[in-house]
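Enquirer: Sequence and predicted structure below; questions after.
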Protein chains: 2
Amino acid sequence: MGKKIAGQPTIRRLPSYLKIIQQAHDEGQFFISGTIIAGELELEPIQVRKDLSITGIVGKPRIGYPTGELLKAIRRFLHWDITRRAAVVGAGHLGQAIIGNPEFARHGLDIRAAFDTDPRKIGTRVKGVEVLSMERLEEKTRELALELAVLTVPSAAAQETAEAVAAAGIRGIWNFTNVKLKLPDSVSVQQENLASGYAVLSVRMGYHRPRGRS
Amino acid sequence: MGKKIAGQPTIRRLPSYLKIIQQAHDEGQFFISGTIIAGELELEPIQVRKDLSITGIVGKPRIGYPTGELLKAIRRFLHWDITRRAAVVGAGHLGQAIIGNPEFARHGLDIRAAFDTDPRKIGTRVKGVEVLSMERLEEKTRELALELAVLTVPSAAAQETAEAVAAAGIRGIWNFTNVKLKLPDSVSVQQENLASGYAVLSVRMGYHRPRGRS
DNA sequence: TAGATTGTTAATCGATTAACAATC
DNA sequence: TAGATTGTTAATCGATTAACAATC
């Protein structure tokens, strides 16, 4: 019998659970029920129980799940218990937002360098992270043992840059461009398509019928 | 018989289709087949055909779908054929990234103002967009007829800020914080949880076994 | 014409939800 | 104890994929 496998929807919900459980833990609560977590996130309790079951942590009826063990197990499951040495490729606003967001650092994203083609940016620092020329990507990847790249370059440069990133030996790309990258399967790619979210919101909002003065 | 309804997965894929079809159209192609679109995005042709069917556009066997009509129909479906007057609330790097991204403007996101609490930012401009104090949110929402807010404040301020946004009369929030907002149902909220994407990538990458020198 | 592609109907697959005995 | 919550098994739901006749 193999390891229990979690579907992608489950994996995507785990970070929200982690946040709620962390808060409870910080407030000194030793247990939290699936019902409470579900209430906070407007999910069904059964869904939370099902999701949490993949961690292997067993809860106590009437009491809930032990917060400490659950935190540890979720972090382990997401591999957020190790640090991943990473680079931001494309040091624009989006790249700087990722560098400056402490949430990712807490979850093991250890950004060691940033790369850009803009001579005015090269040599500067963003929150202590040095911005380097793209020419130094391979050298720095080796030197710093980088394994992950946050790709925040303009779409027009995405494929070309991703190929350079892959050639440098990086094995995971968090892709914030809207370009479907063509790379060998040995590189893991996670596509963040912000336009998808905007599309969902737009459809949900529908057409506005402003209250006229007529 | 009612209007055909599209599931959220379909809606989320439409922007990618739009991009491919736009490229073909710009290259002067009058038709594009579902097979081609699927190939570009590494999807199944049947999935593309099924998704495109919600637009009501009919393709020609052997030829494909008419690019011009398809573009128009997808934009119509997503309501990307109208402009939505919007504000960025939280003028940090992420907010500035959204303001500076021309893709959203092309899809009708018309950012008219930015709001922040930082006195050093208030009064400045980001790509021509004025940064205003949060106190002026209600006034400006009325004056500019804003209907959408891009919420890019720190998590700690998310709920409070969202309430102010809702009170100002804005009816859609694109929420980039990791906070599940508690707001009346009259406000549409789209949650962008970046940590979810990072979780998926992390699980996919697994634990690294570096090639040792041993 | 021959055959690639469409649109529709049916089958499969996976995720969510329901039901309920076990239990703290 | 009584009853809220857990974990598991089964049912439902929705999305994806397969099959195939129609057709350009």
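Expert: Looks like it came in fine.
Enquirer: For chain A, which residues are neighbours of DNA strand C?
Expert: Proximity of chain A to DNA strand C, by Cβ under 7 Å from any atom of the strand, involves residues A:7-10, A:43-44, A:46-47, A:50, A:60-63. All C-beta spots, glycine's among them, are computed from the backbone N, C-alpha and C.
Enquirer: and residue A:49, how many neighbours does it have?
Expert: Using other Cβ atoms under 10 Å in any protein chain shown, the number of residues around residue A:49 comes to 16.
Enquirer: and which of the residues of chain A next to DNA strand C is nearest residue B:24?
Expert: residue A:8 (29.8 Å; Cβ to Cβ).
Enquirer: Residue ranges of each domain in chain A, please.
Expert: The record's domain parsing of chain A by automatic domain parsing lists A:8-78, A:84-197.
Enquirer: re the thing from before, could I get the residues of chain A next to DNA strand C in CSV, plus columns for distance to residue A:137?
Expert: Listed next are those as CSV, based on distance: Cβ to Cβ, whole Å:
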residue, distance to residue A:137
A:7, 35
A:8, 30
A:9, 34
A:10, 35
A:43, 41
A:44, 46
A:46, 47
A:47, 42
A:50, 42
A:60, 51
A:61, 54
A:62, 55
A:63, 51
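Enquirer: What about those residues, which are in helices?
Expert: Here DSSP state H is the test, and these give A:8-10, A:46-47, A:50 as lying in helices.
Enquirer: how about the residues you listed, which pair is most distant?
Expert: Top of the distance list for these (Cβ to Cβ): A:8 and A:46, 18.8 Å.
Enquirer: returning to what we had before: pick the most deeply packed of the domains of chain A.
Expert: Compared across the domains of chain A, domain A:84-197 shows the largest average neighbour count, a mean of 19 (mean count of other Cβ atoms under 10 Å in any protein chain shown).
Enquirer: Can you measure across that one, start residue to end residue?
Expert: End-to-end distance for domain A:84-197: 27 Å, by Cα to Cα, to the nearest Å.
Enquirer: and that domain, anywhere near chain B?
Expert: Yes - if you take Cβ under 8 Å from any Cβ of the partner chain as the test, domain A:84-197 does meet chain B, through A:84, A:92-94, A:96-97, A:100-101, A:103-104, A:107-109, A:145, A:147-148, A:155, A:171-172, A:174, A:178, A:180, A:188-190, A:192-197.
Enquirer: if I pick the residue lying closest to residue A:162 once chain neighbours are set aside, what's in contact with it?
Expert: Distance criterion Cβ to Cβ, 6 or more residues apart in numbering or on different chains; nearest residue to residue A:162, sequence neighbours excluded, is residue A:181 at 4.7 Å. Residues near residue A:181 by Cβ atoms under 8 Å, 6 or more residues apart in numbering or on different chains: A:158-159, A:162, A:173, A:175, A:189, A:191.
Enquirer: could the ones in helices among the residues of chain A next to DNA strand C be laid out in CSV, adding pLDDT and distance to DNA strand D?
Expert: Shown next, in CSV, are those (pLDDT from 0 to 100; distance: Cβ to the nearest atom of the strand, whole Å):
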residue, pLDDT, distance to DNA strand D
A:8, 98, 11
A:9, 98, 10
A:10, 98, 13
A:46, 98, 6
A:47, 98, 10
A:50, 98, 6
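Enquirer: From those residues, pick the one nearest residue B:35.
Expert: The shortest approach to residue B:35 among these belongs to residue A:8, at 25.7 Å (Cβ to Cβ).
Enquirer: coming back round to it: and the pLDDT for the residue nearest to residue A:162?
Expert: Per-residue confidence (pLDDT) for residue A:181: 98.
Enquirer: Could you list the low-confidence segments of chain A?
Expert: Within chain A, the ranges that satisfy pLDDT under 70 run A:1-4, A:209-214.
Enquirer: Identify the single longest strand in it, thanks.
Expert: Using DSSP state E, we find that the single longest strand of chain A is strand A:109-116.
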